[in-house]
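[1] Sequence below, structure please.
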Amino acid sequence: MFVSKKSPLKISKHNKVDPECPAPSRPNPFDSDDEFDTKKTLKPSRKTSSQPNLTAPYFSTNPFDGDEERGSSASSKYFHASAARHEYNNDFRDSGGLENQSVQELENYAVYKAEETTKSVNGCLKIAEDMREGAARTLITLHHQGQQITKTHDVAVEIDHDLSRGEKLLGSLGGMFSKTWKPKKNRPIMGPVITRDASPQRRGNLLEQREKLGLNPAPKGQSSTQKPLPEPTNSFQKVELEKSKQDDGLSDLSNILGELKNMAVDMGTEIDRHTYALDHLQDDVDELNYRVRGANQRGRRLLGK
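    Model prediction:
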């Protein structure tokens with residue numbers, strides 16, 4: 001009478017599909033033979049996926065690996081170089097003097113001293129070049145100032161012409177019985193002083209200086225290129241190379257000092273010329289002021305009548 005019924009939970013447990021071992025699917029009669037073959041070929045791949053994978057050994061590709069080793073080697077090199085430089089600067093006083101050094105150490109010391117001397121010569125040359133550049137600009141400024149003084153004096157001459165016309169008009173004004181008024185003049189207006197220009201040699205030096213400053217284009221056919229020196233292979237050749245550099249630098253320094261001397265003479269000549277021109281300009285301005293005061297007095301008298 002009592003029929004044993006299975007619980008739906010138990011049925012579901014029995015019908016649960018194991019994910020690792022999927023239930024075999026029935027072949028679809030509508031599938032083609034190719035698709036059926038592909039399904040068969042897929043099964044072995046699933047079985048092989050459960051096998052352990054043989055992985056290649058891990059190689060780090062981090063570019064920052066080994067920075068500590070490289071940094072330590074670089075720091076050690078810097079330490080040795082600074083220590084050697086300190087010894088060279090002290091002339092080996094801390095290590096027994098020059099007499100107790102090896103030949104290789106003395107050769108390195110000679111190369112170091114030669115390079116330091118070359119740097120000093122180049123530093124002096126750079127200072128001289130800066131001085132030459134400043135002197136050339138000062139010469140150009142002085143030349144412009146001289147032109148401004150000449151233009152100012154030309155304006156004073158124009159004022160003299162206009163003032164002469166005004167004085168004639170003031171002299172023609174007045175009553176019939178009044179005295180004829182004549183302006184008082186102490187001296188004539190001389191105008192700007194024409195001085196002799198600089199000599200062609202000085203002008204050539206100034207043009208050369210302007211070319212070096214880039215203010216004038218350099219003439220064609222001139223080039224200051226030198227042949228490259230061969231690469232030294234030993235300490236003696238390095239010292240000789242530095243000596244040749246020092247000779248060239250000292251020669252250039254001597255030439256620049258000669259140019260500075262000529263430029264100083266040119267500056268003194270230009271300043272003397274300005275002083276002479278300003279003295280004459282001052283005299284003409286004083287004369288114009290005197291005549292203007294007289295013309296103003298004549299005008300007040302005419303207005304008072």
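
[2] can you give me the helices in the stretch 151-300 of the chain?
    Applying DSSP state H, counting those that start in this stretch to the stretch 151-300 of the chain gives helices spanning 200-212, 235-304.

[3] looking at the ones you listed, which has the lowest confidence?
    Of all the helices of the stretch 151-300 of the chain, the minimum mean pLDDT falls on helix 200-212 (a mean of 55).

[4] ok, back up a step: nearest to L169, out of the helices of the stretch 151-300 of the chain?
    Ranking the helices of the stretch 151-300 of the chain by proximity to L169 (CB to CB) places helix 235-304 first, at 9.6 Å. C-beta: built from backbone N, CA, C; applies to glycine.

[5] Summarise which helices and strands that closest one is packed against.
    Applying 3 or more CB pairs under 8 Å, 6 or more residues apart in numbering; DSSP states H and E, one finds that helix 235-304 contacts helix 103-172, helix 200-212.

[6] picking that back up, save the helices of the stretch 151-300 of the chain as a markdown table, and put in mean neighbour count and distance to H153 too.
    Shown next, in a markdown table, are those (neighbours: other CB atoms under 10 Å; distance: least, CB to CB, whole Å):
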| stretch | mean neighbour count | distance to H153 |
| --- | --- | --- |
| helix 200-212 | 15 | 23 |
| helix 235-304 | 15 | 5 |
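
[7] Distance to P188 added to these, as TSV?
    Shown next, in TSV, are these (distance: least, CB to CB, whole Å):
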stretch	distance to P188
helix 200-212	33
helix 235-304	8
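
[8] Compare the ones you listed and give me the one nearest T150.
    Nearest of the helices of the stretch 151-300 of the chain (CB to CB): helix 235-304, 7.1 Å.

[9] so the closest one versus helix 103-172, what angle?
    Orientation check (axes from the mean of the first three to the mean of the last three CA atoms, to 10 degrees): helix 235-304 against helix 103-172 gives 10 degrees.

[10] which stretch in the helices and strands packed on helix 235-304 has the least confidence?
    helix 200-212 (a mean of 55).

[11] Quick check on P183: phi, psi?
    Main-chain torsions, P183, degrees, to the nearest 10: phi -70, psi 150.

[12] That one - nearest residue in space that isn't next to it in sequence?
    Once flanking residues are discounted, P183 sits nearest to E167: 4.2 Å by CB to CB, 6 or more residues apart in numbering.

[13] Surely the one you found and R291 touch.
    Yes - with contact defined as CB atoms under 8 Å, E167 reaches R291; the gap is 7.2 Å.

[14] what touches both of these two?
    Taking CB atoms under 8 Å, 6 or more residues apart in numbering as the criterion, E167 and R291 both touch P183.

[15] follow-up on the earlier one: can you check which of the helices and strands packed on helix 235-304 gets nearest to T275?
    helix 103-172 (10.0 Å).

[16] what packs against the closest one?
    Using 3+ CB pairs under 8 Å, 6+ apart, the elements in contact with helix 103-172 are helix 67-89, helix 200-212, helix 235-304.

[17] what's the distance between R298 and T180?
    Relative to T180, R298 is positioned 11 Å away (CB to CB, to the nearest Å).

[18] hang on, the earlier thing: tell me which of the helices of the stretch 151-300 of the chain lies nearest to R137.
    Comparison of the helices of the stretch 151-300 of the chain against R137 by CB to CB identifies helix 200-212 as nearest, at 9.3 Å.

[19] ok, and the closest non-adjacent residue to H143?
    Excluding its sequence neighbours, the residue lying closest to H143 (CB to CB, 6+ apart) is E270, at 6.9 Å.

[20] Just give the number of residues close to L170.
    Neighbour count of L170, defined by other CB atoms under 10 Å: 20.

[21] Contact partners for the closest residue in space to it that isn't next to it in sequence?
    Nearest residue to L170, sequence neighbours excluded (CB to CB, 6+ apart): R298, at 4.7 Å. When contacts are counted by CB under 8 Å, 6+ apart, R298 touches L170, W181, P183.

[22] Please tell me I have it right and the first one contacts R301.
    No - the pair L170 and R301 does not pass the contact test of CB under 8 Å, sitting 9.6 Å apart.
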